[in-house]
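*Asks:* sequence plus predicted model, see below.
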Amino acid sequence: MTEAGRNAQAKRVSNGAIFAGCAVFVAGMVGMAYASVPLYRLFCQVTGYNGTTQRVEQYSDKVLDKTIKVTFDANISPGLNWDFKPAKAVDPKIGETLQIEYTATNRSSSATTGTAVFNVTPMEAGAYFNKVECFCFTEQTLQPGQSVTMPVVFFVDPEIAKAEETKNIKTITLSYTFYPSAPGKPVAALPEGGKTVDKKL
C-alpha cells in the first residue's frame, strides 16, 4: 500500500473513532437527562439538600428532654381553586413522634387533581426532619366541594442537637404547595407513597 493509501485509511479510522465517541457521548447525555430528576430527588432525600426531609419507616427510639418549635405552611399555586389549610404549630420534644393534619377543599364546580411538593426551612434542618407518613408527591383528586384531611407523621432526629450547623435552631417550618396536575402525571417527581385519609368535613 502506498503512503497516500495508508494516510487515507488512517484518516478514515480516526474519523470513525471520533464519530463513535460522539455517539456514545450523546447517548450518555440523553440517559443523564432522563435520570436527572430521580437522581436529584434521591440525592436530596439522602442529604437533606435544599430543605428536603427524610423518609423513614420507623419511629425514633430516642427522645431528648428538649423541645423545638415546628410550624406549618400551606400554599396553592395558580390554576388550582382549592382552599388549603395547615396544621397549628407544635412544640414536640426532639425525637418525639407526632401526627398533624393539613386540610384541603375543592372550591371549584368540577373535580380537580393536585399534587403537593414540600420543603423545610431552615434548609439545614431538612436532613433531620423525618417523615414516617406524608402526602407529598401523591395525587389528590377532589370532587366539587369535597374536603380531605391529610396526615403527616414526623419526628425531629435527636442528632439535630449535636450538629454544629443545626444545634442552635429553635424553629423548623414544614411547607407544602399544591400544584394542579393531570391524573397519572405527578409534578416533577416520582411517587413517594404515603396514605391520605379522605373524609367529608
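*Replies:* Yep, it's here.

*Asks:* for the rest of this, base every contact and every neighbour count on C-alpha atoms.
*Replies:* Fine.

*Asks:* what about Glu101, which SS state?
*Replies:* strand (DSSP: H, G, I helix; E, B strand; the rest coil).

*Asks:* the residue lying closest to it once chain neighbours are set aside in helix, strand or coil?
*Replies:* Leaving aside its sequence neighbours, Glu101 sits nearest to Pro151 (C-alpha to C-alpha, 6 or more residues apart in numbering; 4.3 Å). Assigned with three-state DSSP, Pro151 falls in the strand class.

*Asks:* pretty sure Leu174 is in a helix, no?
*Replies:* No: going by three-state DSSP, the assignment for Leu174 is strand, not a helix.

*Asks:* show me what it is bridged to.
*Replies:* On the basis of DSSP bridges, Leu174 is bridged to Phe72, Val120.

*Asks:* surely it and Asp73 touch.
*Replies:* Yes: with contact defined as C-alpha atoms under 8 Å, Leu174 counts as touching Asp73 (6.2 Å).

*Asks:* so Asp157 versus Thr166, what's the distance?
*Replies:* From Asp157 over to Thr166 the distance is 11 Å, taken as C-alpha to C-alpha, to the nearest Å.

*Asks:* ok, now Thr115?
*Replies:* On the measure of C-alpha to C-alpha, Thr115 and Thr166 end up 30 Å apart.

*Asks:* quick one: the helices in this protein?
*Replies:* With helices called from DSSP state H, the chain shows them at 3-47.

*Asks:* residue ranges with poor pLDDT in it?
*Replies:* 1-58, 183-201 (pLDDT under 70).

*Asks:* hmm, 50 instead?
*Replies:* Counting by pLDDT under 50, the chain contains low-confidence ranges at 8, 10-11, 13, 22-53, 186-201.
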